[in-house]
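# with the input below, show me the fold.
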Amino acid sequence: MSENCLFCRIISGDIPSDKVYEDEYVCAFRDINPQAPVHVLVVPKAHIASAADVSAENSLYVARCFEAIAKIAAAEGLGNGYRVITNCGEDGGQSVMHLHFHLIGGVKLSEKII
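Residues are numbered from 1 along each chain as shown. Next comes the predicted model:
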């Protein structure tokens with residue numbers, strides 16, 4: 001955990017959030033600026049700065065994030081589909097330097113990403 005990291009502070013409970021899922025490896029909560037009816041951030045509990053920092057030592061956390069994404073999507077009624085996005089680095093649009101996945105759905109999404 002990084003004490004200066006927004007998501008680490010949410011995971012620890014120092015900052016309140018609307019959590020929708022939590023287990024030993026993953027914390028998931030609703031985005032405060034949703035881009036669709038369902039917009040959940042799925043975050044590994046280990047502080048991994050970005051997708052560029054995934055390694056053999058921490059990849060279990062990423063796998064558990066995707067297992068959680070499937071569970072959350074089902075619980076949120078996203079049976080017709082959804083999108084999972086991660087931004088990597090400043091040029092990739094990453095604003096919080098803690099790996100996280102945006103689970104977005106609840107509406108028909110465009111095939112265009114940008």
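# and the strands in this protein?
Listed from the start of the chain, the chain has strands (DSSP state E) covering 19-22, 26-30, 38-44, 82-85, 101-105.
# how about the ones you listed in CSV, adding mean neighbour count?
No exception for glycine: its C-beta is placed from N, CA and C like everyone else's. Converted to CSV, those look like this (neighbours: other Cβ atoms under 10 Å):
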stretch, mean neighbour count
strand 19-22, 16
strand 26-30, 21
strand 38-44, 23
strand 82-85, 16
strand 101-105, 22
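# which parts of the lengthiest helix in the chain are buried?
Assignment by DSSP state H gives helix 59-75 as the longest helix of the chain. Neighbour-count burial for helix 59-75, with 16 or more other Cβ atoms under 10 Å as criterion, is recorded at 61-62, 64-65, 68-69, 72-73.
# now render those as a markdown table, adding pLDDT and distance to residue 104.
Listed next are the buried residues of helix 59-75 as a markdown table, based on pLDDT from 0 to 100; distance: Cβ to Cβ, whole Å:
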| residue | pLDDT | distance to residue 104 |
| --- | --- | --- |
| 61 | 98 | 21 |
| 62 | 98 | 18 |
| 64 | 98 | 20 |
| 65 | 98 | 15 |
| 68 | 98 | 15 |
| 69 | 98 | 11 |
| 72 | 98 | 11 |
| 73 | 98 | 10 |
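# what about the residue nearest to the spatial centre of the chain, distance to residue 76?
For the chain, the residue nearest the mean C-alpha position is residue 42 (2.4 Å; Cα atoms, centre = their mean). Residue 42 is 12 Å from residue 76, where distance means Cβ to Cβ, to the nearest Å.
# show me the contacts for residue 84.
66, 69, 101-104 (Cβ atoms under 8 Å, 6 or more residues apart in numbering).
# hey, what's the closest residue to it other than its chain neighbours bridged with?
Ranked by Cβ to Cβ, 6 or more residues apart in numbering and with sequence neighbours excluded, the top spatial neighbour of residue 84 is residue 101, at 5.4 Å. On the basis of DSSP bridges, residue 101 takes part in beta bridges with residue 42.
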